[in-house]
Structures are given as C-alpha cells and as structure tokens.
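Student: Sequence and computational prediction follow.
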Amino acid sequence: MRFFSVLAAGAMLFTAACTSNVTVSAPSISPTQFASQTKTPGNYAVYLQTGGWNKEIKTTGWTCNAWSFPTNFDGAYVSAAQSAFSQSFQNVKFVPAVLPPAELRKQNFDAQIIVYQGNMGAKFGVVQGLFTGAITVDVEVEGIVAVSGHSGLASQGQARGAAHGVNEGVLGCDSASPAIQQAGGNAISDFVIEAVNAAKLNILEMKTKAAAASG
C-alpha cells in the first residue's frame, strides 16, 4: 500500500496545475568563441530589436500539460549582445532605431549593425521514472543580421541559436525552471556569437568593396 501511495503522490506532483515565471541569466561569452578575436576597427551604430523573446513555455506531452512557464529571454539577450558587440568592434554606440545613411554620415558612423529578432521556439518534456524523473527543455531562436552603410543596406543574413537543457533526478513539474535557464542561456549564446561573426564578416566585405570601387 505504501508503494502505491508513493506512486500516487508522484503522479499528483507531475499533474497539478501551476504557472511559474522564469528569468534567464545573461550567458558569459569569451572572446575566443568568436571567429576572430581582433576588434573590427571603426565606429558603429548598433540597433538590437527587443521585446519579441518573452515566451510561455509548455510541455509537449500530457505530463505537466497544466503547467506553463512564462520566461523572459530578452534581458539576457540584450546584456549578452551588448557585451559581445562592445568587445568585438572598436567603437560602438547602441541606438534605439535604424538610422538612414545620411544620419550615419552626420554622426560619423562607418556603418550600422542591425539585429532583428525572429521566431523563438521553446518546449519542455518529462521523462518519468518510478520515483523521480527528468525534465528536458529545447530552446531555439533565430533572427536577421543586417549591415547598413553610407549607401544603404550592404548585406543581410540569418543567425540562429539552439540548445538543450536537462534537470535530472527530479520529482515535480516546477523542476523545469533550471533546465529552461540552461537551454535559454546557451541558445542565446549561440545566437549572439553567430550575429557578431556575421556582422564582422559583412563589414569586412563592405569595406573591401568600397576600397576596390575607390581604387
């Protein structure tokens, strides 16, 4: 009878309804993780679109299907992106909007780096054992990285980040929070690294073309 009581208690923990807010911490990105550790010379305006990566995460199966985890990814993303662009480019100024070419010239910017937020996918699942289980989380983010110069849009491409998080040996749906934080931080890290690498390459190509045209 005690055995079945334990099973019943475990089942209740995995099915009771609740909402739990999660905040993802900004990931730490080392300069060695970028394709180039040399700062790109010049002055750059950087616009980071925000507000699109707040997600209510729900399960993919019936276990914990009454649970939801409203999660703020935006704060971690902005903090990580600002740090990454600052350490990868000689001089950057974060601006609240896309600037026209005339304004770039007026403010003495060589170019503007624009990062648009795209789709975000996030889900969690439960692998239930006899007395404990594991929470698994998958997070994927994507966006567009554009570079605009004195002649207008110079290049545009995609960036993506994806990661998997696990919290093992747990009993209860509330244990999804650490796995969400793990997957979210790693996905943001991947996205920011791709965005910085793309911006550095596109600016190099823009400068190379400008030099060839003037020569």
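Tutor: Here it is on my side, so go on. Numbers count the residues shown, from 1 in each chain.

Student: hey, let's count contacts and neighbours off CA atoms from now on
Tutor: OK.

Student: pLDDT score assigned to the residue nearest to Gln37 when sequence neighbours are not counted?
Tutor: Take Gln37 and drop its neighbours on the chain: the residue closest to it by C-alpha to C-alpha, 6 or more residues apart in numbering is Pro31, 5.8 Å away. Pro31 carries a pLDDT score of 90 in this model.

Student: any idea how far Pro31 lies from Val196?
Tutor: Distance from Pro31 to Val196, counting by C-alpha to C-alpha, to the nearest Å: 11 Å.

Student: so what sits against both of these two?
Tutor: Here Pro31 and Val196 have Ala84, Ser88 as joint contacts, going by C-alpha atoms under 8 Å, 6 or more residues apart in numbering.

Student: In terms of packing, which of those two has more residues around it?
Tutor: Summary of the neighbour comparison: Pro31 and Val196, criterion other C-alpha atoms under 10 Å, with Val196 having more neighbours (23 against 15).

Student: If we ignore the residues flanking it in sequence, what's nearest the more buried one?
Tutor: In space, and not counting its chain neighbours, Val196 is closest to Phe85: 6.5 Å by C-alpha to C-alpha, 6+ apart.

Student: how far away is the one you found from Lys123?
Tutor: Noted for Phe85: a distance of 29 Å to Lys123, by C-alpha to C-alpha.

Student: Settle it for me: which of those two has more neighbours?
Tutor: It is Phe85, of Phe85 and Lys123, that has more neighbours when counted by other C-alpha under 10 Å, with 26 against 19.

Student: Mind listing what's buried along the helix or strand harbouring Gly165?
Tutor: Assessed by DSSP states H and E, Gly165 sits inside strand 152-170. When burial is assessed from 16 or more other C-alpha atoms under 10 Å, strand 152-170 yields the following buried residues: 154-156, 158-168, 170.

Student: Isn't Gly121 up against Val141?
Tutor: Yes: assessed by C-alpha atoms under 8 Å, Gly121 is found in contact with Val141 at 6.4 Å.

Student: Between these two, which is the more surrounded one?
Tutor: More crowded of Gly121 and Val141, by other C-alpha under 10 Å: Val141, with 21 against 14.

Student: tell me the SS of that one?
Tutor: strand (DSSP: H, G, I helix; E, B strand; the rest coil).

Student: for it, which residues make a bridge with it?
Tutor: Taking DSSP bridges, one finds Met120, Gly161 as the beta-bridge partners of Val141.
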